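Participant: next comes the sequence, and after it the predicted model I'd like to discuss.
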Protein chains: 2
Amino acid sequence: MTPDAFRAAGHRMVDEIADYMHALETMPVRPDAPPGTVLGALPDEPPETPESWDDIHRDLRDLIIPNLTHWQHPGFFAYFSCNASGPSILGEIASAGLNINGMLWSTSPAATELETRVLDWCRRAFELPEAFEGNGVIQGTASEATLIALLAARARDETPDRPIHLVTSTQAHSSVMKAAMIAGLARTPEDTSRVHFIEPNPNGSMNLDDLRVRAAALLDGAPNPPPIMVSATAGTTGTGGIDDAAEIRAVLDDLHRAHNGAPWPGWLHLDAAWAGAAAVCEEHRAALAGASVADSVCINPHKWLLTNFDCDLFWVRDRDALVRALSITPEYLRNPASDAGAVIDYRDWQIPLGRRFRALKLWFVIRHYGLEGLRAHIRRHTAWADWIEGRIAEHPALERVCPRSLSLVCFKAARGGDDATRALLDAINASGEVFLSHTAAPADGAFAIRFVPGATTTEFRHVVRAWEIIERATNALDA
Amino acid sequence: MTPDAFRAAGHRMVDEIADYMHALETMPVRPDAPPGTVLGALPDEPPETPESWDDIHRDLRDLIIPNLTHWQHPGFFAYFSCNASGPSILGEIASAGLNINGMLWSTSPAATELETRVLDWCRRAFELPEAFEGNGVIQGTASEATLIALLAARARDETPDRPIHLVTSTQAHSSVMKAAMIAGLARTPEDTSRVHFIEPNPNGSMNLDDLRVRAAALLDGAPNPPPIMVSATAGTTGTGGIDDAAEIRAVLDDLHRAHNGAPWPGWLHLDAAWAGAAAVCEEHRAALAGASVADSVCINPHKWLLTNFDCDLFWVRDRDALVRALSITPEYLRNPASDAGAVIDYRDWQIPLGRRFRALKLWFVIRHYGLEGLRAHIRRHTAWADWIEGRIAEHPALERVCPRSLSLVCFKAARGGDDATRALLDAINASGEVFLSHTAAPADGAFAIRFVPGATTTEFRHVVRAWEIIERATNALDA
């Protein structure tokens, strides 16, 4: 495809996407075709000869798009959002067009240096500690950030006779246990010999009393206590609970001091994938307070900061431990700049070797919106969640399972138990206009409905409409 | 940004990229600014208020692009290519515009089913064994594929008292040791207690005599021999050596039979990241012959099959082992389709939870070019490498370090040792018109220059020009 053919085809594809953006609101949020529908409609054999773009566009429009769950739909209130935005899509276009591999500084200096600068911008925007300056990197997801934090902690703290243990909350993201399994700390999700799950408070945050008891047992058992990494969460996936990282560190410091007179030397990772984004607003900065005592922290602009998937920001205090855990240099990657130690080679800060130019989209987003625009984006969503929370609190047939956390509201049927709440969720989603997901309440495991605005396309009128649908379904079931 | 504002801005960004494609040939392949140039030119503070797209485009054009290494440049003959193509960039545009998260089938059925179908297309195109049908998935990179293969092998074969060992060649990609470090098999790159590096043949393939000796030592030492994963390579990064996977399995079978009467039960992973792509041509299918005895195999269309980074194809025979290694299901991800076991949830086949819609670009590429177009692409490059190899063989001051492997030719100065070859490479790259990289010759570690065409933009005239530059530099140094 020549550059000029690409120009024409590119305009057409941009139009396709702009048309999709326009049409989104008129589509159901989720498809309803059974498994195998798309698979069965696609030919078994790949084409031997070229097909036309008319055919490709037709299949995209008639087969693929109608069978997607539309994460950019204004009625998408499920999970945490996976928000796109115009500027971010433009960043993906530029990144794809340049298609460099930023594995080493030398394999694309501007890619590395732009990433370093944009991460420093974000550090300032979130008021993260100065110790993180220059020590930021884009990961694909928070899953990878947690794994990498664990690897860095192991490289720094573990010795052959003292394997590292991982402490987290039952409300932490599934990727914490996945990281432990990948790194070899656990053989199965049920293997808790070196992974310790702390009970939650009713709002989903880590219960410090349980932490004290469990950590004391870990330290008391051995004359030479094992190194521990704690993975704390700012914004649990279920209910948005925010662990008190400073208190977590204080608990471990106290126990360690009682044991050997010294404070806890372990690694504290703060998974702020969702809630961290809110800290761009001064009034929500408490969501990231834990960063002041954290060895590493991650925030996902691809969840709630207008940046396309994938984009996880990861900062570390001790980059030496990180690089020690991940650096291997074969001859074919050696180069003068790296040998001189004068540059950052981000391949040593991540699982893969190769890397896309993801800093571009974040740079575009920050420049297009400015920090003021990012703050307005967060404030819209928290205000709408506040409004919905008010409606739920007033409705006699509904109750909140815990107080709203930022833009996340969790609620259930006031009567009829899990069956009633499950039926309510099904009725709400059956509308096709909105999509809400569920969780288990931290306090008692009750089935709970989650409502969390986050899509870039959502306006207040969509939230009002969502409440109409929730209210109607509630009244119908409660009748 | 409204859909219509995006439409206009999208057209402009597409134009920017089309202009870049046009201008590429006139730029030096690599920048020459010192470290810190871009970092220093970017403001310390993020903007509080929105900036204009005129400014963003200006900085992209004047600051970022001139400081990139241009992997799409027609004179890029270094490493392995990271090839983009028009259809693939269109796929990235569509993927970014839809921005779905395909973690579960239910979170975007079409994304999962298109991926399954396109991987099956590729299985047929490469003539991979039928056992891989329906068992393919897109990973980011071959690094992740190797790690995941190791995790699946561990989940299948390891027991608490018999930790898994990893056997590979000294010529294997650095990601093999990186995977071992991530998974906890090795503490440092020098820790070879459970990672065993086999010596190479002069062409870079694994030496089977050394394998026999080393594997025998592993099996003989213990009454209960440890499970072993072998990571074989089809196309080593240095010189393109292709391990004989069938013979590797035969060696291990023989040793195991002698030990306990049964064939080797271990996991054989085939890293065919680069060379595997050539198997789309019948005459190069031998590059993937090892797949017939492999438990898993990976191929990178983002290297040599016209598909943008990142896109690694990974197939596994035993998907249960894979899923067992990586599956964790919290309440908030449960859904009827998954609970019924009726669908594939690709989150259980990869490190992260979330995932981009990468199948689109591969689908576009295969449909736009057809298999015939993909084969022509491979054949152009192997023919050009053959032509360069002929020129090198005829030149008295140059010699090949091993026979050409597909599109990769490795050569050195015939006289003057490593210093002469290093000076030659510097002189070639100083032209700015081409970029070649280096490796260490498997036989004796000699500094060797690698020449490997792979960029989509490269035409035969660029290869001819590259030879002129190589010849001129050689004659100047040899004078």
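Facilitator: Right, received. Where do you want to start?
Participant: okay, which residue is most central for chain A?
Facilitator: The residue lying closest to the centre of chain A (Cα atoms, centre = their mean) is residue A:273, at 4.0 Å.
Participant: need the per-residue pLDDT for it.
Facilitator: Looking at residue A:273, its pLDDT stands at 98.
Participant: over to residue A:139?
Facilitator: The per-residue pLDDT reported for residue A:139 equals 98.
Participant: report the contact partners of it.
Facilitator: Applying Cβ atoms under 8 Å, 6 or more residues apart in numbering or on different chains, one finds that residue A:139 lies in contact with A:145, A:148, A:298, A:312-314, A:350. C-beta here means a position set from N, CA and C on the backbone, and glycine is covered the same way.
Participant: over to residue A:396. Which of the three states is it?
Facilitator: At residue A:396, secondary structure determined by DSSP: H, G, I helix; E, B strand; the rest coil is coil.
Participant: residues in contact with it?
Facilitator: Taking Cβ under 8 Å, 6+ apart, we find residue A:396 in contact with residue A:414.
Participant: if I look at it, how far off is chain B?
Facilitator: Applying Cβ to the nearest Cβ, to the nearest Å, the value for residue A:396 to chain B is 27 Å.
Participant: any residue of the worst-scoring helix or strand of chain A on mean pLDDT touching chain B?
Facilitator: None of the helices or strands of chain A scores lower by mean pLDDT, DSSP states H and E than helix A:336-339, at a mean of 86. Yes - looking at helix A:336-339 against chain B by Cβ under 8 Å from any Cβ of the partner chain, the contacts come from residue A:337.
Participant: so how far is that helix off the chain centroid?
Facilitator: Centre-to-centre, helix A:336-339 and its host chain are 34 Å apart (Cα atoms, centre = their mean, to the nearest Å).
Participant: now the helices for the stretch 301-450 of chain A?
Facilitator: Taking DSSP state H, counting those that start in this stretch as the test, the helices found in the stretch 301-450 of chain A are A:301-304, A:319-326, A:336-339, A:359-394, A:417-430.
Participant: list the buried residues in the last one.
Facilitator: Think helix A:417-430. Neighbour counts over helix A:417-430 (16 or more other Cβ atoms under 10 Å in any protein chain shown) mark A:418, A:420-422, A:424-425, A:427-429 as buried.
Participant: what of the second one?
Facilitator: Using 16+ other Cβ under 10 Å as the burial criterion, the residues of helix A:319-326 that qualify are A:319, A:321-326.
Participant: ditto for the third one
Facilitator: Of the residues in helix A:336-339, those buried under the neighbour-count criterion (16+ other Cβ under 10 Å) are A:337-338.
Participant: what about stretch A:166-186, near chain B?
Facilitator: Yes - on the criterion Cβ under 8 Å from any Cβ, stretch A:166-186 is in touch with chain B at A:173-175, A:177-178, A:181-185.
Participant: select only the buried ones of the residues you listed in ChimeraX?
Facilitator: Command for ChimeraX that selects the buried part of the residues of stretch A:166-186 next to chain B, burial taken from 16+ other Cβ under 10 Å:
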select /A:173,174,175,177,178,181,182,183,184,185
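Participant: can you pick out the most distant pair from the residues of stretch A:166-186 next to chain B?
Facilitator: Across the residues of stretch A:166-186 next to chain B, the longest distance by Cβ to Cβ is 19.4 Å; it joins A:173 and A:184.
Participant: close to chain B: what parts of the stretch 151-300 of chain A are there?
Facilitator: Residues of the stretch 151-300 of chain A lying near chain B by Cβ under 8 Å from any Cβ: A:151, A:154-155, A:158, A:160, A:173-175, A:177-178, A:181-185, A:187-189, A:237-238.
Participant: which residue packs closest to the residue nearest to the centre of chain A, ignoring adjacent ones?
Facilitator: residue A:142 (3.8 Å; Cβ to Cβ, 6 or more residues apart in numbering or on different chains).
Participant: surely that neighbour is in contact with residue A:271?
Facilitator: Yes - counting by Cβ atoms under 8 Å, residue A:271 is a contact partner of residue A:142 at 5.7 Å.
Participant: which one of these two is surrounded by more residues?
Facilitator: Taking neighbours as other Cβ atoms under 10 Å in any protein chain shown, residue A:142 and residue A:271 compare with residue A:271 leading, 33 against 28.
Participant: that one pairs with what?
Facilitator: residue A:233, residue A:298 (DSSP bridges).
Participant: picking up where we left off before, list the contacts of the residue nearest to residue A:273.
Facilitator: Residues near residue A:142 by Cβ under 8 Å, 6+ apart: A:173, A:175, A:271, A:273, A:298, A:300, A:312.
Participant: what of residue A:287?
Facilitator: Contacts for residue A:287 (Cβ under 8 Å, 6+ apart) come out as A:234-235, A:242, A:272, A:275-276, A:278-279, A:406.
Participant: now it: how far from residue A:379?
Facilitator: To residue A:379, residue A:287 is 14 Å away according to Cβ to Cβ, to the nearest Å.
Participant: swap in residue A:33?
Facilitator: 38 Å.
Participant: look up how far residue B:372 lies from residue A:352.
Facilitator: Residue A:352 is 32 Å from residue B:372, by Cβ to Cβ.
Participant: and the two? Which one has more around it.
Facilitator: For residue A:352 versus residue B:372, the count of surrounding residues by other Cβ under 10 Å is larger for residue A:352: 23 against 13.
Participant: ok, back up a step: dump the buried residues of helix A:319-326 to JSON lines, plus distance to chain B and pLDDT.
Facilitator: JSON lines is the format used below for the buried residues of helix A:319-326 (distance: Cβ to the nearest Cβ, whole Å; pLDDT from 0 to 100):
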{"residue": "A:319", "distance to chain B": "16", "pLDDT": "93"}
{"residue": "A:321", "distance to chain B": "13", "pLDDT": "95"}
{"residue": "A:322", "distance to chain B": "12", "pLDDT": "95"}
{"residue": "A:323", "distance to chain B": "12", "pLDDT": "94"}
{"residue": "A:324", "distance to chain B": "8", "pLDDT": "93"}
{"residue": "A:325", "distance to chain B": "7", "pLDDT": "95"}
{"residue": "A:326", "distance to chain B": "7", "pLDDT": "95"}
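Participant: which stretches of chain A form strands?
Facilitator: Assigned by DSSP state E, chain A shows strands spanning A:136-139, A:165-169, A:195-198, A:228-233, A:267-271, A:296-299, A:312-316, A:398-400, A:409-413, A:437-440, A:447-451.
Participant: of those, flag the one that's most buried.
Facilitator: Greatest average neighbour count among the strands of chain A goes to strand A:296-299 (a mean of 31), per mean count of other Cβ atoms under 10 Å in any protein chain shown.
Participant: which strands and helices lie in contact with that one?
Facilitator: helix A:142-157, strand A:267-271, strand A:312-316 (3 or more Cβ pairs under 8 Å, 6 or more residues apart in numbering or on different chains; DSSP states H and E).
Participant: among these, which is nearest residue A:92?
Facilitator: The nearest among the helices and strands packed on strand A:296-299, by Cβ to Cβ, is strand A:312-316 at 15.6 Å.
Participant: low pLDDT regions in chain A?
Facilitator: Scanning chain A for pLDDT under 70 picks out the ranges A:221-222.
Participant: name the residue most distant from the centre of it?
Facilitator: Ranking residues of chain A by C-alpha distance from their mean position (Cα atoms, centre = their mean) puts residue A:49 at the top, at 40.9 Å.
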